[in-house]
Every structure is written in C-alpha cells, then in structure tokens.
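Undergrad: Any chance you could fold what I've pasted below:
(one chain, ligands or ions: 1)
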Amino acid sequence: MTMAGRFAVAAPDPGLRAGAILEIDLGAIAENWRLLACRVASAACAAVVKANGYGLGAVPVARALAAAGCHQFFVATLDEGIALRSALGRAAEIAVFNGPMPGSEAEFVAHRLTPVLNDPGQIAAWRRLAAPAFVHVDTGLARLGLTARELAALTDDPPTMRAIPWRGVISHLACADTPEHPLNAIQQARFAAALGHFPGIRASLAASSGIFLSREFHHDLVRPGAALYGVNPHPGQPNPMRQVVTLKGKIIQVREIDRGETVGYGATHAMAGPGRLATVAVGYADGWLRSLSHRGCARIAGRRVPLLGRVSMDLVTFDVSAIDPALARPGGTVEMLGGDYGVDDAAADAGTIGYEILTALGARYHRIYRAADRG
Ligand SMILES: *Cc1c(COP(=O)(O)O)cnc(C)c1O
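TA: Okay, here's the model as predicted:
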C-alpha cells in the first residue's frame, strides 16, 4: 500500500467538507419566471442575472431560464456578460446595464453583448460602431440614464438617433415596492414622454415590483430579478413567488450551559436558565450577517431555535434546549433558510432586504442545484 493509498477515502463526499449545504431549486426559478411571464401576458419577460444570478449562480440559473423559454438576459458588467455569453451560446440576447467603459466597446461587439447606453459619452463612443444598443432614460432615480436635458439633446440630433439601431428604451422605478408612492405615476408619465421620441422601439420600465403595479407599467418588456429568486415583489402582501433556496448549517458541537453563563463575543447574552446550545458552522463570512446577532433563528425538524449571542466569522450558536437531543446532535443540521424562514424573513431580522441576504450567500457553502426538468 502506498502512503497516498493509506489516506485515501473511498467515496469523497464534497457535502461532508463544507460547513453548510445550500440547495438551489432551479425548477422553482423557472416556475417563478413563468408566473411573471404569464402575468405580463403580451409583454415579453426578460431575466436579470447580474451579481452572479443574485448570488445563486448566473450560469445554471440562466441555462434553466433559457430552457424555460427566456430569450432576453440582463447583467450589470461586461465581465458578467462575457461569462454568460460563453454559457448560453449565440441565441440569447444579453444586455449589460452599466454600458461600456471607455475603451471596452470592441469587447461588447466581439461577444455580441448589447450595451445599455446611460449617458452622452457612452452614446458618442458607441455611435461609431453602429451596433445595437438600449438607451436608458432617467425618470426619477438619478443613478444611471440620460437626464431630461441630455435626452432632449439626443433627440435633437437625428444623425446620432439614426446611427444606432435601438434595441429598446429603458428606465427604472425608484419606489415600485410602494404602489401608492406618487413618484411611480410621475416616472410613468416621464417615460411615456420619452418614448414619443422612439416610435416603434421596445419600451421597458418594470422590474420585479413594477410588474405588480398596474398593467400600464409593463410596456413591451419587463426585467425581473429578485422575484425570480423568491423575494416577495409585493411587500405587505402574501408572496406569490416560490422559495428557491434552502440553507442547512451543520451542527459541529452541542453543549450544556448553566444559568448566568454568557454566550459568544462580547458576552452579550447571559443565560436566564440552564440550557443546551448547538454551535453551527456558518458565520458572517458566509453571509449570515452579523446584524442577525440575537435576532435570527433556524429550524430543527420544523421547530424554531433562536440564535443566541453574536454571529461570529465562522460560527453561530442556537438555543436547542427545547429540542430532542437525538435531533440536535453533532453531524446534524439546522435549517437556516427554507420554506418556514425565507430570505425575506432573514432580511427582516437582519434589518435589510432579501436582495442583500441572497447576494451575500457565501462561497464556502456546498451548493446543490435541483434540476428544472420537472416543469
Ligand atoms: C437590478 C435591476 C433590475 C432588476 O430588479 P429587481 O428588483 O431585482 O427585479 C431591473 N432593472 C435594472 C436597471 C436593474 O438595475
């Protein structure tokens, strides 16, 4: 027997090596896309897969959505667009929200990426290529997109207007998750006025929450991201989307603790009585945000276990005093995200939004993709 042979493991299981298992249900993502596509009926439904598919893996997510019938994808950066192009092949249209940085225009063309042009500089540089592009008009977010004055200058310049084959006109809502906010109607009116300069060109205003405003916000193309991944696009109402992620953290130690003893860094939690703690191999380095200290929870066999003390880098502790010791044992798992406690629940406890919980999900998790072939 060789030295290597003596240490070899018969069937290495990558799931055994990680501190937690993240399951991503591609079938649920495809179903969420179909639900949104149905809801917008005559408008087309794109998919936003920026930030690595909101942390869930842009390539597997986009492949599942392409198989479900999605043809139009949006990413944020040129890098993301190049990676997606090589994963999806030539058929899909891939648009890049941030548009070209000066000098990167040729790479867009080489990878058949459609930029979103956000300012007069990007338009002037792109004009020479005479290649397809979206134009972004700002209607009230003051982030990206042409200001009203810049739009007027562009539309007063017919040679430039004609030089670029426009693939669409986009704008982005600031308050779509607050249907009664007056800025929604103001942005809609400003967008409608801008569209008057682009007859026959596709118009796109709504992201996830905009789809749940009235139909007039749908225009020709909607651009959902978060809702595809299970975030509620309709805060304050029942979530119409399916949950996509399940996170199971591994219990690495279970300990008895006495009344009056403190738990974790800063000794910020003192036990009111004797109990049992489970230490789990997930921490803020994995995106289990430190703001979940004293606030988060998990589930063991469907029963809620509160998070005690501070979240540390690699570890977090849960109170398992009320749980059958046969269930809360080293090697077992606690469900930290799932059907009972989804990304929006963790976000509420952390004082943030589901978007941030998703995009923070850690690189150390062992990821398992459930196939989309059930749909
Ligand atoms: C991120 C983004 C979207 C998707 O937004 P969601 O709220 O995640 O649906 C759509 N359009 C633009 C311009 C974006 O930046």
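Undergrad: use CA for all of it now, contacts and neighbours both
TA: Fine.
Undergrad: Check the spacing between the residue nearest the centre of the chain and Leu151 real quick.
TA: Centroid-nearest residue in the chain, with CA atoms, centre = their mean: Tyr54, separated by 2.5 Å. Distance, Tyr54 to Leu151, by CA to CA, to the nearest Å: 31 Å.
Undergrad: what's the answer for Ala51, then?
TA: For Ala51, the distance to Leu151 - CA to CA - is 29 Å.
Undergrad: Between the two, which is the more surrounded one?
TA: Leu151 (20 against 16; other CA atoms under 10 Å).
Undergrad: now the strands for the stretch 101-250 of the chain?
TA: Taking DSSP state E, counting those that start in this stretch as the test, the strands found in the stretch 101-250 of the chain are 113-117, 133-136, 166-170, 203-204, 221-222, 245-257.
Undergrad: can you put those in JSON lines and add mean pLDDT?
TA: Below are these laid out as JSON lines (pLDDT from 0 to 100):
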{"stretch": "strand 113-117", "mean pLDDT": "98"}
{"stretch": "strand 133-136", "mean pLDDT": "98"}
{"stretch": "strand 166-170", "mean pLDDT": "98"}
{"stretch": "strand 203-204", "mean pLDDT": "98"}
{"stretch": "strand 221-222", "mean pLDDT": "98"}
{"stretch": "strand 245-257", "mean pLDDT": "98"}
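Undergrad: how about those strands in JSON lines, adding mean neighbour count?
TA: Below are these laid out as JSON lines (neighbours: other CA atoms under 10 Å):
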{"stretch": "strand 113-117", "mean neighbour count": "27"}
{"stretch": "strand 133-136", "mean neighbour count": "25"}
{"stretch": "strand 166-170", "mean neighbour count": "22"}
{"stretch": "strand 203-204", "mean neighbour count": "26"}
{"stretch": "strand 221-222", "mean neighbour count": "26"}
{"stretch": "strand 245-257", "mean neighbour count": "20"}
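Undergrad: can you redo the ones you listed as TSV with distance to Asp314?
TA: Below are the strands of the stretch 101-250 of the chain laid out as TSV (distance: least, CA to CA, whole Å):
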stretch	distance to Asp314
strand 113-117	39
strand 133-136	42
strand 166-170	42
strand 203-204	42
strand 221-222	39
strand 245-257	11
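Undergrad: What residues of stretch 260-274 count as buried?
TA: For stretch 260-274, burial by neighbour count (16 or more other CA atoms under 10 Å) applies to 262-264, 269, 271.
Undergrad: Repeat that for stretch 160-178.
TA: Buried residues in stretch 160-178 (16+ other CA under 10 Å): 160-161, 164, 166-178.
Undergrad: Identify the residues contacting Thr262.
TA: Thr262 makes contact with 268-271, according to CA atoms under 8 Å, 6 or more residues apart in numbering.
Undergrad: now it: how far from Gly89?
TA: 56 Å.
Undergrad: Just want the residue of the stretch 251-375 of the chain that's nearest the ligand.
TA: In the stretch 251-375 of the chain, the residue that lies nearest the ligand is Tyr355 (7.3 Å; CA to the nearest ligand atom).
Undergrad: dump the residue contacts of that residue.
TA: Going by CA under 8 Å, 6+ apart, the list of residues near Tyr355 reads 54, 226, 231.
Undergrad: what does Arg112 give?
TA: 85, 94.
Undergrad: same question, Phe74
TA: By CA under 8 Å, 6+ apart, the contact set of Phe74 is 46-50, 94-97, 223.
Undergrad: doesn't it fall inside a strand?
TA: Yes - the assignment for Phe74 by DSSP: H, G, I helix; E, B strand; the rest coil puts it in a strand.
Undergrad: How about Arg215: what's its closest non-neighbour residue?
TA: Distance criterion CA to CA, 6 or more residues apart in numbering; nearest residue to Arg215, sequence neighbours excluded, is Val40 at 7.5 Å.
Undergrad: since we're on that neighbour, how many residues are nearby?
TA: 20.
Undergrad: For it, give me its contacts.
TA: Contacts of Val40 by CA under 8 Å, 6+ apart are 211, 215, 218, 222.
Undergrad: Please repeat the previous calculation with a cut-off of 10 Å.
TA: Val40 makes contacts with 34, 211-212, 215, 217-222, as judged by CA atoms under 10 Å, 6 or more residues apart in numbering.
Undergrad: Residues of the protein that sit close to the ligand?
TA: Proximity of the chain to the ligand, by CA under 6 Å from any ligand atom, involves residues 48, 172, 207-208, 223-226.
Undergrad: Can you verify my assumption that Gly19 contacts Arg367?
TA: No - in this structure, Gly19 is not within contact of Arg367 by CA atoms under 10 Å, at 11.2 Å.
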